[in-house]
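Peer 1: The following comprises the amino acid sequence and a computationally predicted model.
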Amino acid sequence: MYLTALIIVSIAPAHADVVYPVLIESRSDSSQGAVQVTEDYIVNLEESSVLGENLFFTDALNGVVTHELMDTTSLRNSVYESSEHAASFTITKTPTGIEMEGYLNFTHGIKPLRINDRSGRIPHKIFPLPKLEGEIDLDPPADKHLNESPEPRADAKLPDVWRPEMYIMIDSSINEYLRGIKRLQVLYIVRLMNIVNAIFKTVKKPKINLQLVGIYRFQVRIKNSKPQVCEFLHFINL
């Protein structure tokens with residue numbers, strides 16, 4: 001297989017430098033291959049764990065709603081993850097090399113630079129992801145807890161594996177930001193969900209594996225509504 005001797009934190013001092021990712025083709029049917037980001041930093045390619053064989057895509061425009069059942073074969077050949085590094089990224093093959101875009105881990109991202117390079121390869125930038133200011137407290141105040149919560153059953157048993165099904169909604173702000181291109185939007189959501197899934201994979205009992213089953217896109221802003229997810233989009237912007 002492939003030897004990864006350097007963790008992402010170790011290449012933090014080189015973030016200002018340009019890197020040239022190279023695809024390492026697999027010689028085994030059991031492996032997807034790998035990407036050599038730097039001389040001593042290699043990321044193994046794993047198929048996205050949130051994608052199944054199909055994905056529902058619902059589109060809402062001017063009061064008309066359409067539904068499509070997408071075959072995810074091409075998506076699964078484009079977006080990958082790495083459980084070792086909690087990485088999630090898309091790989092696009094071009095005549096001059098690959099374009100790699102996404103998350104190298106929870107703190108750093110990578111994106112291609114749209115410039116010509118004499119080497120004939122595609123230069124990429126590794127950059128730190130923005131951090132949220134302050135802490136988010138998801139626990140309600142003590143006096144807000146509901147007393148009506150049912151008591152857990154004495155015979156209740158946690159499943160060994162729990163697979164919550166996720167249906168993601170895209171508002172008009174995200175639709176505009178991603179230029180209304182459906183494939184670009186779907187890849188963006190899958191990359192993000194891979195990272196969210198990586199967080200849940202740290203839970204040991206039960207094992208949690210999110211399943212992305214559908215995406216609902218609003219192409220036009222609903223009257224008097226606010227783009228509430230726009231700030232979150234800018235936070236995770238790559």
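Peer 2: Here it is on my side, so go on.
Peer 1: Contacts only, for Asn209.
Peer 2: 49-50, 161-163, 197, 200-201 (C-beta atoms under 8 Å, 6 or more residues apart in numbering). Just so you know, the C-beta spots here come from the backbone N, C-alpha and C atoms, and that holds for glycine as well.
Peer 1: Pull out the buried residues from those residues.
Peer 2: 49-50, 197 (16 or more other C-beta atoms under 10 Å).
Peer 1: Residues contacting the longest helix along the chain, please?
Peer 2: Counting by DSSP state H, the longest helix found in the chain is helix 182-200. Residues from elsewhere that reach helix 182-200, judged by C-beta under 8 Å, 6+ apart: 48-51, 55, 57, 70, 75, 78-79, 81, 83, 86, 88-90, 102-103, 106, 166, 168, 170, 174-175, 178, 208-210, 212, 215, 217, 236, 238.
Peer 1: Would you list the buried entries among those residues?
Peer 2: 48-51, 55, 57, 70, 75, 78-79, 81, 86, 88-90, 102-103, 166, 168, 170, 174-175, 178, 208, 210, 212, 215, 217.
Peer 1: so where's this protein shaky on pLDDT?
Peer 2: Scanning the chain for pLDDT under 70 picks out the ranges 1-16, 28-30, 116-119, 132-155, 221-238.
Peer 1: What ranges does it have for its helices?
Peer 2: Going by DSSP H, the chain shows helices at 73-76, 172-177, 182-200, 230-235.
Peer 1: got the CA coordinates for the first one in PDB?
Peer 2: These are the backbone C-alpha positions of helix 73-76, laid out as PDB (Å, rounded to 0.1, in the frame of the first residue of the first chain):
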ATOM      1  CA  THR A  73     -21.700   6.400 -10.300                       C
ATOM      2  CA  SER A  74     -20.000   9.500 -11.800                       C
ATOM      3  CA  LEU A  75     -20.100  11.300  -8.400                       C
ATOM      4  CA  ARG A  76     -18.400   8.400  -6.700                       C
END
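Peer 1: In that helix, which residues are buried?
Peer 2: 75-76.
Peer 1: Show me what it is packed up against.
Peer 2: Secondary-structure packing of helix 73-76 (3 or more C-beta pairs under 8 Å, 6 or more residues apart in numbering; DSSP states H and E): strand 51-61, helix 182-200.
Peer 1: hang on, the earlier thing: show only the entries of the buried ones among the contacts of helix 182-200 found in strands.
Peer 2: Members of the buried ones among the contacts of helix 182-200 lying in strands (criterion: DSSP state E): 51, 55, 57, 70, 79, 81, 88-90, 102-103, 166, 168, 170, 208, 212, 215, 217.
Peer 1: Nearest to Lys131, out of the helices and strands packed on helix 73-76?
Peer 2: Of all the helices and strands packed on helix 73-76, helix 182-200 sits nearest to Lys131, with 14.7 Å by C-beta to C-beta.
Peer 1: and the angle from that closest one to strand 165-170?
Peer 2: 130 degrees (axes from the mean of the first three to the mean of the last three C-alpha atoms, to 10 degrees).
Peer 1: now helix 182-200 against strand 51-61, angle please.
Peer 2: 130 degrees.
Peer 1: Return helix 182-200 as CSV; C-alpha atoms alone will do.
Peer 2: The C-alpha trace of helix 182-200 is given here as CSV (Å, rounded to 0.1, in the frame of the first residue of the first chain):
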residue,chain,number,x,y,z
LYS,A,182,-26.3,21.2,-10.2
ARG,A,183,-23.3,19.0,-10.4
LEU,A,184,-21.1,21.6,-8.7
GLN,A,185,-23.6,21.9,-6.0
VAL,A,186,-24.0,18.2,-5.4
LEU,A,187,-20.2,17.7,-5.2
TYR,A,188,-20.0,20.6,-2.8
ILE,A,189,-22.7,19.0,-0.5
VAL,A,190,-21.1,15.5,-0.7
ARG,A,191,-17.7,16.9,0.3
LEU,A,192,-19.2,18.7,3.2
MET,A,193,-21.2,15.7,4.3
ASN,A,194,-18.1,13.5,4.2
ILE,A,195,-16.5,15.8,6.7
VAL,A,196,-19.6,15.8,9.0
ASN,A,197,-19.6,12.0,8.7
ALA,A,198,-16.0,11.9,9.8
ILE,A,199,-17.0,13.7,13.0
PHE,A,200,-19.7,11.1,13.7
